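In: Take this sequence and fold it.
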Amino acid sequence: MASSFTKQITACPEHIDELGHVNNAVWVQWMEQVSVEHWRQDADPAHVDAYIWVVTRHEVDYRGNVTQGDVVTARTWIPEPPRGARFDRLIEFTGPDGKVKVSAKSTWAIIDKATGRILRVPAEVAANFID
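Out: Prediction:
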C-alpha cells in the first residue's frame, strides 16, 4: 500500500526573512527534512543502511505566506512507480487556515552507498512507498 508521511512544523524566528515570512530556502530545507524522515520511517532498515537519495530537481509553487509562530502541516507521498533510478515525490505544506501555502514536486535518484553509484530503484525498495 502507498504510504504518505505527515509532520507539523512551527515557523521559528530563524526561518523568517526580512519580508516577515518563511524564507524560500527554508521551504526547500523543510522539503528535504520531511522527505528524509518519510524514507527513514517507512523503508526497510536494511535499505536505509544500503542506499541514499539525492535530489535532481525541485519544482516549487509558493501560494501563500507563513509567519513566525504559524504551524504548517507537511504531507509527502510518491504518486507513481520509479522510472529507472528516479522517482517523483509530491509535498504540500498547509497553513493554519487550511490552505496549501507551498506545493512541490521533487525528483530523487537512488545511490548505492557502497559503490557511490546511481542504480535502478529496486522493486523491494519502492514497494513500501507505492501501490
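In: Quick one, grab the pLDDT at the residue most central in space within the chain.
Out: Residue closest to the mean C-alpha point of the chain, counted by Cα atoms, centre = their mean, is Ser35 at 3.0 Å. Per-residue confidence (pLDDT) for Ser35: 96.
In: now the helices for the chain?
Out: Under the criterion DSSP state H, the chain contains helices at 24-42, 45-50, 123-126.
In: From Leu19, how far off is the residue nearest to the centre of the chain?
Out: Computed as Cβ to Cβ, to the nearest Å, the Ser35 to Leu19 distance reads 26 Å. The way it works is simple: take the backbone N, C-alpha and C, and place the C-beta from them, glycine included.
In: just Gly116 next, same as before
Out: From Gly116 to Leu19 the distance is 40 Å (Cβ to Cβ).
In: Now do the strands in this protein.
Out: According to DSSP state E, the chain carries its strands in the segments 4-10, 51-62, 71-77, 86-94, 100-112, 117-118.
In: Any stretches of this structure with poor pLDDT?
Out: Applying pLDDT under 70 to the chain flags residues 1-2, 131.
In: Which residue in it shows the largest distance from the geometric centre?
Out: Per Cα atoms, centre = their mean, the most distant residue from the centre of the chain is Glu18 (25.5 Å).
In: can you tell me which residues contact Val71?
Out: 8-11, 96 (Cβ atoms under 8 Å, 6 or more residues apart in numbering).
In: out of those, who has the most neighbours?
Out: Neighbour tally across those (other Cβ atoms under 10 Å): the maximum, 21 neighbours, falls on Ala11.
In: Perfect, I'm done here.
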